[in-house]
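Enquirer: sequence first, predicted model second:
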Amino acid sequence: MIRVTRFDGTVLFINANAIKSIQAAPDTIITLLNDQDRYMVRESRETVVQAILTYQRYVHQPLSGDATTAMERFILDAQSDINE
């Protein structure tokens, strides 16, 4: 899941594997695989892509130590990427 923000300030978590496309027109629009759900978000296209890559790195890395700690680290890193 990636964290994005709608223009009204609502935080939204989207399944990164369900994203079909990300457009910048000039606002960022995320389209899901079902072609019906579209979300206009505050984050730039590049920020959304970086959040997806960060999520994918954590999903595909072997767990070492406590799984809860790994998930907490993922959430903190994702929030840091979005806030930059």
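Expert: Cool, the structure landed. Numbers count the residues shown, from 1 in each chain.
Enquirer: could you pull up phi and psi at A51?
Expert: Main-chain torsions, A51, degrees, to the nearest 10: phi -60, psi -40.
Enquirer: in the sheet, who's paired with the nearest residue to it once chain neighbours are set aside?
Expert: Among residues not flanking A51 along the chain, I2 sits closest, at 4.2 Å (Cβ to Cβ, 6 or more residues apart in numbering). C-beta: built from backbone N, CA, C; applies to glycine. On the basis of DSSP bridges, I2 is bridged to I14.
Enquirer: my guess is I2 meets V48, correct?
Expert: Yes. Between I2 and V48 there is a contact at 6.9 Å, judged by Cβ atoms under 8 Å.
Enquirer: re the thing from before, ok, the residue nearest to A51 - contacts?
Expert: By Cβ atoms under 8 Å, 6 or more residues apart in numbering, I2 lies in contact with 13-14, 16, 48, 51-52, 55, 78.
Enquirer: do that again at 6 Å, thanks
Expert: By Cβ atoms under 6 Å, 6 or more residues apart in numbering, I2 lies in contact with 14, 16, 51-52, 55.
Enquirer: tell me the pLDDT of A24.
Expert: A24 carries a pLDDT score of 94 in this model.
Enquirer: V41 reaches V4, doesn't it?
Expert: Yes. At 4.3 Å, V41 counts as touching V4 under the criterion of Cβ atoms under 6 Å.
Enquirer: give me the more crowded residue out of the two.
Expert: V41 (23 against 20; other Cβ atoms under 10 Å).
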